[in-house]
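Visitor: no sequence for this one, just the structure:
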């Protein structure tokens with residue numbers, strides 16, 4: 001009897017570890033569901049919207065200008081940020097803020113991206129902390145799941161003039 005109980009227990013532990021590894025790989029390399037918070041991506045993504053983020057693009061350097069990404073915050077590594085890619089490595093970015101009378105130019109260094117929120121008046125982004133390393137990108141958001149009234153692929157940036165000059 002003890003042998004039977006031990007056998008079932010070890011099988012259960014084995015299956016749990018096996019399925020845990022499969023789930024980890026799926027969420028790490030394929031993608032997952034994410035709830036976004038904060039106003040920085042309005043009107044594209046609102047507070048408490050639920051989206052699907054895929055992780056394959058970051059592994060194959062498939063991130064492009066205009067993509068919305070989830071990245072580790074450069075100022076707080078325990079939190080994630082949701083921002084739009086405005087510039088890739090080597091791009092010249094024109095930056096302005098309400099207090100600037102003149103436009104400033106920044107270049108995105110190799111291995112970095114420039115991120116900004118769609119709600120420029122209420123977003124802490126690369127205009128404040130500079131370009132972020134590509135390695136901080138966790139995934140690319142492309143599909144909104146909730147609310148159901150907005151179900152579907154995400155729309156284009158309302159700030160298309162912000163994209164880098166080619």
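Guide: On my side now, so go ahead. This is a predicted model, so every value here is computed, not measured.

Visitor: how about stretch 40-58: buried residues?
Guide: Within stretch 40-58, the residues scored as buried using 16 or more other Cβ atoms under 10 Å are 40, 41, 42, 44, 45, 49, 51, 53, 54, 55, 57, 58. All C-beta spots, glycine's among them, are computed from the backbone N, C-alpha and C.

Visitor: Can you tell me which of the residues you listed comes closest to residue 147?
Guide: Nearest to residue 147 out of the buried residues of stretch 40-58 is residue 49 (Cβ to Cβ; 7.0 Å).

Visitor: how far away is the closest one from residue 17?
Guide: Distance of residue 49 to residue 17, computed by Cβ to Cβ, to the nearest Å: 34 Å.

Visitor: Equivalent analysis for residue 54, please.
Guide: Between residue 54 and residue 17 the computed distance is 26 Å (Cβ to Cβ).

Visitor: now swap in residue 69 and tell me
Guide: 31 Å.

Visitor: Those two: which is more packed in?
Guide: Between residue 69 and residue 17, counted using other Cβ atoms under 10 Å, the more crowded position is residue 69 (23 against 10).

Visitor: tell me the secondary structure for that one?
Guide: Following DSSP: H, G, I helix; E, B strand; the rest coil, the label given to residue 69 is strand.

Visitor: try residue 74
Guide: Secondary structure of residue 74, per three-state DSSP, is coil.

Visitor: wait, what's in contact with residue 125?
Guide: Counting by Cβ atoms under 8 Å, 6 or more residues apart in numbering, residue 125 touches 40, 81, 83, 115, 116, 117.

Visitor: Check residue 156 and give its pLDDT.
Guide: At residue 156, the model reports a pLDDT of 69.

Visitor: In contact with residue 111, which residues?
Guide: 89, 133, 134, 135.

Visitor: and the helix or strand of the chain with the lowest mean pLDDT, how far from the chain's centre?
Guide: Taking mean pLDDT, DSSP states H and E as the measure, the chain has helix 56-59 as its least confident helix or strand, at a mean of 74. Centroid separation for helix 56-59 versus its chain: 11 Å, with Cα atoms, centre = their mean, to the nearest Å.

Visitor: Since that was my last question, I'll sign off now.
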